[in-house]
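Asker: structural data only, the sequence is not supplied:
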(Lines give C-alpha, C1' and ligand atoms only; values in the text may rest on other atoms or scores of the structure.)
Protein backbone atom coordinates (compact mmCIF):
# COMPACT_ATOMS: atom_id res chain seq x y z
CA UNK A 1 0.00 0.00 0.00
CA UNK A 2 1.81 3.09 -1.31
CA UNK A 3 -0.42 5.40 0.74
CA UNK A 4 1.39 4.19 3.86
CA UNK A 5 4.81 5.30 2.58
CA UNK A 6 6.42 8.43 3.99
CA UNK A 7 9.72 10.11 4.63
CA UNK A 8 10.65 10.60 8.27
CA UNK A 9 13.32 12.65 10.00
CA UNK A 10 14.82 11.05 13.11
CA UNK A 11 15.77 12.77 16.38
CA UNK A 12 19.27 13.40 15.02
CA UNK A 13 18.00 14.78 11.70
CA UNK A 14 18.62 11.68 9.62
CA UNK A 15 16.14 11.14 6.79
CA UNK A 16 14.67 7.68 6.25
CA UNK A 17 12.03 6.07 4.06
CA UNK A 18 9.15 4.29 5.83
CA UNK A 19 7.00 1.84 3.88
CA UNK A 20 5.16 -1.47 4.15
CA UNK A 21 7.37 -4.51 3.71
CA UNK A 22 7.31 -6.26 0.32
CA UNK A 23 8.27 -9.76 -0.83
CA UNK A 24 11.39 -8.30 -2.49
CA UNK A 25 12.64 -7.33 1.00
CA UNK A 26 13.43 -10.91 2.00
CA UNK A 27 17.20 -10.69 1.39
CA UNK A 28 17.32 -7.21 2.94
CA UNK A 29 15.51 -8.63 5.99
CA UNK A 30 18.13 -11.37 6.30
CA UNK A 31 20.90 -8.73 6.20
CA UNK A 32 19.02 -6.70 8.82
CA UNK A 33 18.89 -9.71 11.14
CA UNK A 34 22.60 -10.42 10.70
CA UNK A 35 23.43 -6.80 11.58
CA UNK A 36 21.74 -7.08 15.00
CA UNK A 37 23.76 -7.70 18.13
CA UNK A 38 23.18 -10.87 20.15
CA UNK A 39 21.75 -8.66 22.91
CA UNK A 40 19.19 -7.02 20.58
CA UNK A 41 18.16 -10.42 19.25
CA UNK A 42 17.72 -11.71 22.80
CA UNK A 43 15.57 -8.71 23.78
CA UNK A 44 13.30 -9.33 20.77
CA UNK A 45 13.07 -13.14 20.75
CA UNK A 46 13.77 -13.89 24.46
CA UNK A 47 16.47 -16.37 23.46
CA UNK A 48 19.60 -16.63 21.38
CA UNK A 49 18.91 -17.00 17.68
CA UNK A 50 21.89 -17.51 15.39
CA UNK A 51 20.08 -17.34 12.05
CA UNK A 52 16.61 -16.55 10.81
CA UNK A 53 14.98 -19.55 9.09
CA UNK A 54 13.99 -19.03 5.45
CA UNK A 55 10.31 -19.74 6.18
CA UNK A 56 10.23 -16.96 8.82
CA UNK A 57 11.87 -14.49 6.43
CA UNK A 58 9.34 -15.38 3.72
CA UNK A 59 6.41 -15.16 6.14
CA UNK A 60 7.57 -11.75 7.37
CA UNK A 61 8.26 -10.28 3.92
CA UNK A 62 5.23 -11.72 2.10
CA UNK A 63 2.27 -10.70 4.25
CA UNK A 64 -1.44 -10.23 3.74
CA UNK A 65 -1.87 -6.52 4.43
CA UNK A 66 -5.46 -7.07 5.57
CA UNK A 67 -4.57 -9.48 8.41
CA UNK A 68 -0.97 -8.62 9.22
CA UNK A 69 1.21 -5.56 8.73
CA UNK A 70 4.94 -4.90 8.70
CA UNK A 71 6.49 -1.48 8.23
CA UNK A 72 10.19 -1.16 7.41
CA UNK A 73 12.45 1.85 7.79
CA UNK A 74 15.08 2.18 5.07
CA UNK A 75 18.27 4.16 4.74
CA UNK A 76 19.25 5.87 2.56
CA UNK A 77 15.77 7.25 1.84
CA UNK A 78 16.44 8.12 -1.81
CA UNK A 79 16.93 4.46 -2.68
CA UNK A 80 13.73 2.42 -2.68
CA UNK A 81 15.85 -0.60 -1.83
CA UNK A 82 17.96 0.95 0.94
CA UNK A 83 19.05 -1.12 3.94
CA UNK A 84 16.39 -2.03 6.49
CA UNK A 85 17.32 -0.30 9.74
CA UNK A 86 14.08 -0.98 11.67
CA UNK A 87 10.86 -2.94 11.44
CA UNK A 88 7.54 -2.76 13.24
CA UNK A 89 4.80 -5.30 12.71
CA UNK A 90 1.67 -6.92 13.97
CA UNK A 91 0.83 -10.53 13.33
CA UNK A 92 -2.56 -12.19 13.74
CA UNK A 93 -2.65 -15.85 14.74
CA UNK A 94 -4.50 -17.64 11.90
CA UNK A 95 -5.50 -20.47 14.25
CA UNK A 96 -7.78 -18.07 16.13
CA UNK A 97 -10.15 -17.37 13.19
CA UNK A 98 -9.96 -13.62 13.67
CA UNK A 99 -10.86 -13.71 17.37
CA UNK A 100 -7.40 -13.11 18.72
CA UNK A 101 -5.44 -10.00 19.58
CA UNK A 102 -2.63 -9.53 17.04
CA UNK A 103 0.90 -9.43 18.42
CA UNK A 104 2.96 -6.28 18.06
CA UNK A 105 6.76 -6.38 17.68
CA UNK A 106 9.61 -4.00 16.86
CA UNK A 107 13.30 -4.21 16.13
CA UNK A 108 15.73 -1.35 15.51
CA UNK A 109 19.25 -2.02 14.29
CA UNK A 110 21.79 -1.29 17.04
CA UNK A 111 23.53 1.53 15.18
CA UNK A 112 20.17 3.31 14.74
CA UNK A 113 18.92 2.98 18.32
CA UNK A 114 18.33 6.30 20.07
CA UNK A 115 16.97 7.94 16.91
CA UNK A 116 13.32 7.73 18.05
CA UNK A 117 12.45 5.01 15.52
CA UNK A 118 10.83 2.70 18.10
CA UNK A 119 8.43 5.44 19.23
CA UNK A 120 7.77 6.48 15.64
CA UNK A 121 7.05 2.91 14.53
CA UNK A 122 4.73 2.31 17.49
CA UNK A 123 2.66 5.37 16.54
CA UNK A 124 2.71 4.49 12.84
CA UNK A 125 1.80 0.81 13.20
CA UNK A 126 -0.92 1.40 15.81
CA UNK A 127 -2.45 4.18 13.70
CA UNK A 128 -2.57 1.84 10.69
CA UNK A 129 -4.11 -0.89 12.86
CA UNK A 130 -6.77 1.49 14.14
CA UNK A 131 -7.67 2.63 10.62
CA UNK A 132 -7.93 -1.04 9.59
CA UNK A 133 -10.35 -1.75 12.44
CA UNK A 134 -8.00 -3.64 14.75
CA UNK A 135 -9.35 -2.90 18.26
CA UNK A 136 -6.40 -4.15 20.31
CA UNK A 137 -2.78 -5.20 19.96
CA UNK A 138 -0.62 -7.10 22.43
CA UNK A 139 3.10 -7.23 23.06
CA UNK A 140 5.37 -9.19 25.38
CA UNK A 141 8.53 -7.43 26.55
CA UNK A 142 11.28 -8.60 28.86
CA UNK A 143 11.15 -6.57 32.05
CA UNK A 144 14.88 -5.89 31.53
CA UNK A 145 14.17 -4.19 28.17
CA UNK A 146 14.00 -0.69 29.65
CA UNK A 147 13.92 1.13 26.29
CA UNK A 148 10.91 -0.78 24.90
CA UNK A 149 9.03 -0.62 28.20
CA UNK A 150 9.61 3.14 28.30
CA UNK A 151 8.36 3.56 24.73
CA UNK A 152 5.18 1.60 25.49
CA UNK A 153 4.49 3.34 28.79
CA UNK A 154 5.06 6.83 27.39
CA UNK A 155 3.18 6.26 24.11
CA UNK A 156 -0.10 7.84 25.19
CA UNK A 157 -1.93 4.73 23.97
CA UNK A 158 -4.18 3.27 26.69
CA UNK A 159 -2.92 -0.14 27.83
CA UNK A 160 -3.21 -2.76 30.50
CA UNK A 161 -0.24 -4.82 31.57
CA UNK A 162 0.63 -7.81 33.64
CA UNK A 163 3.94 -9.32 34.59
CA UNK A 164 4.90 -12.98 34.75
CA UNK A 165 8.38 -14.44 35.24
CA UNK A 166 10.27 -11.41 33.92
CA UNK A 167 7.97 -10.76 30.95
CA UNK A 168 5.60 -7.79 30.84
CA UNK A 169 2.51 -8.39 28.68
CA UNK A 170 0.89 -5.23 27.31
CA UNK A 171 -2.54 -5.01 25.71
CA UNK A 172 -3.13 -1.74 23.87
CA UNK A 173 -6.67 -0.38 23.45
CA UNK A 174 -6.68 1.22 20.01
CA UNK A 175 -10.38 2.03 20.02
CA UNK A 176 -9.93 4.75 22.64
CA UNK A 177 -6.47 5.86 21.48
CA UNK A 178 -6.03 9.24 19.77
CA UNK A 179 -4.08 7.88 16.80
CA UNK A 180 -3.48 9.49 13.43
CA UNK A 181 -1.71 8.37 10.26
CA UNK A 182 -0.05 11.78 10.00
CA UNK A 183 3.75 11.64 10.14
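Answerer: In hand now; what should we look at? Because the structure is a prediction, the values reported are computed rather than measured.
Asker: what about residue 145, distance to residue 167?
Answerer: 10 Å (C-beta to C-beta, to the nearest Å). Every C-beta, even on glycine, is put in place using the N, C-alpha and C of the backbone.
Asker: do residue 90 as well
Answerer: To residue 167, residue 90 is 18 Å away according to C-beta to C-beta.
Asker: now tell me what touches stretch 51-68 from outside.
Answerer: 1, 20-26, 29-30, 33-34, 69-70, 87, 89-92, 94, 102, 132 (C-beta atoms under 8 Å, 6 or more residues apart in numbering).
Asker: what about it, start to end distance?
Answerer: 23 Å (C-alpha to C-alpha, to the nearest Å).
Asker: name the residues of that stretch that are buried.
Answerer: Buried residues in stretch 51-68, counted by 16 or more other C-beta atoms under 10 Å: 52, 57, 60, 61, 63, 68.
Asker: any idea of the pLDDT on the fifth one?
Answerer: Residue 63 is assigned 89 on the pLDDT scale.
Asker: quick one: end-to-end distance for stretch 137-149.
Answerer: For stretch 137-149, the first-to-last residue distance is 15 Å (C-alpha to C-alpha).
Asker: what comes up buried for it?
Answerer: 137, 138, 139, 141, 145, 148, 149.
Asker: in the strand ranked longest in the chain, which residues are buried?
Answerer: Ordering each strand of the chain by length in residues (DSSP state E) puts strand 83-91 first. For strand 83-91, burial by neighbour count (16+ other C-beta under 10 Å) applies to 83, 84, 85, 86, 87, 88, 89, 90, 91.
Asker: which of those sits closest to residue 39?
Answerer: The closest of these to residue 39 turns out to be residue 86 (C-beta to C-beta; 16.2 Å).
Asker: okay but that closest one is in contact with residue 112, surely?
Answerer: Yes - with contact defined as C-beta atoms under 8 Å, residue 86 counts as touching residue 112 (6.2 Å).
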